[in-house]
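[1] Coordinates only, no sequence provided:
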């Protein structure tokens, strides 16, 4: 009876893990950059639409100027971007596995 080596019993490989990790990090950075751009255009969007939703969002994110709350909000947004990146990478992995 042939003996299994540790690498043959582990699904996936180091290369796949590195690709998924790099993809997750890259997507997280991209999502954060997109979020920053979205926040930058909110005042312009308010002017165009006449609504005040953008300024309300920015006011909430400003947290009344309290630095600790601003840092917590920023950390939360980064975490949301990371979770979304993980979901997107997993979905991409399933799509490529079907091929």
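    Right, received. Where do you want to start? What you are looking at is a predicted structure, and each value in this text was computed from that prediction instead of being measured. Numbering: from 1, shown residues only.
[2] helices and strands around the top helix by length along the chain, which ones?
    Longest helix of the chain, by residue count under DSSP state H: helix 14-49. Packed against helix 14-49 by the contact rule (3 or more Cβ pairs under 8 Å, 6 or more residues apart in numbering; DSSP states H and E) you find helix 53-62, helix 67-98. All C-beta spots, glycine's among them, are computed from the backbone N, C-alpha and C.
[3] Any idea which of those helices gets closest to residue 47?
    Distance to residue 47, taken as Cβ to Cβ, is lowest for helix 53-62 among the helices and strands packed on helix 14-49, at 9.0 Å.
[4] Just the mean pLDDT for that closest one, thanks.
    Per-region confidence: helix 53-62 scores 87 on mean pLDDT.
[5] residues of that helix that come out buried?
    residue 54 (16 or more other Cβ atoms under 10 Å).
[6] tilt between it and helix 14-49?
    Angle between the axes of helix 53-62 and helix 14-49 is 130 degrees (criterion: axes from the mean of the first three to the mean of the last three Cα atoms, to 10 degrees).
[7] Distance from helix 53-62 to the middle of the chain?
    On the basis of Cα atoms, centre = their mean, to the nearest Å, helix 53-62 is displaced by 21 Å from the centre of the chain it belongs to.
[8] contacting residues around that helix?
    With contact meaning Cβ atoms under 8 Å, 6 or more residues apart in numbering, helix 53-62 is reached by 39, 42-43, 45-46, 70, 73.
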